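Below are the sequence and a predicted model; questions follow.
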Amino acid sequence: MIQVGDIREWRTHRVVDADGHRIGTLEAIYVDTGTDAPSMASVQIGLPTRHRLVFVPLDGATVGPDYVKVNYARALVKECPAIGTDDVLPAGDEAAIFEHYGLAYTPGAGGERRLARP
């Protein structure tokens with residue numbers, strides 16, 4: 001798990017895959033609503049006139065001075081379900097993101113969202 005004092009400082013860091021290939025720019029961190037631990041990052045990708053946000057799990061990620069290195073290949077991250085840069089992640093789309101990475105998805109006990117922005 002990532003141990004960083006203030007995750008807001010990560011915003012605008014480069015996001016790279018395990019081989020150092022640039023994926024995009026970190027837009028936000030989402031925490032797991034059950035543990036309050038950082039769980040996913042939204043990453044801005046695309047051409048300057050066609051940006052979109054994709055999501056990538058932070059399990060096993062490392063943070064450097066100006067980057068966040070994730071354990072998922074660039075191609076896999078770029079194929080993740082995306083939202084517009086001004087959009088909010090719909091609760092109904094959370095499961096598809098977890099499924100994309102082969103991760104189990106279980107909503108909260110009361111059916112609440114699994115991901116939240118701090």
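Yes, it's here.

Residue nearest the middle of this protein, spatially speaking?
Ala41 (2.1 Å; C-alpha atoms, centre = their mean).

Which residues does the host helix or strand of that residue contact?
Using DSSP states H and E, Ala41 sits in strand 38-45. Strand 38-45 is contacted by residues 1-2, 7, 10, 15, 23-32, 51-58, 61, 68, 70, 77-78, 82-83, 85, 89, 97, 114-115 when judged by C-beta atoms under 8 Å, 6 or more residues apart in numbering. C-beta here means a position set from N, CA and C on the backbone, and glycine is covered the same way.

looking at it, His21 is touching Tyr72, isn't it?
No. Look at His21 against Tyr72 with C-beta atoms under 8 Å: they stay out of range, at 11.0 Å.

between the longest strand anywhere in the chain and strand 38-45, how many degrees?
Selection of the longest strand in the chain by residue count, based on DSSP state E, yields strand 22-32. For strand 22-32 against strand 38-45, the angle by axes from the mean of the first three to the mean of the last three C-alpha atoms, to 10 degrees is 150 degrees.
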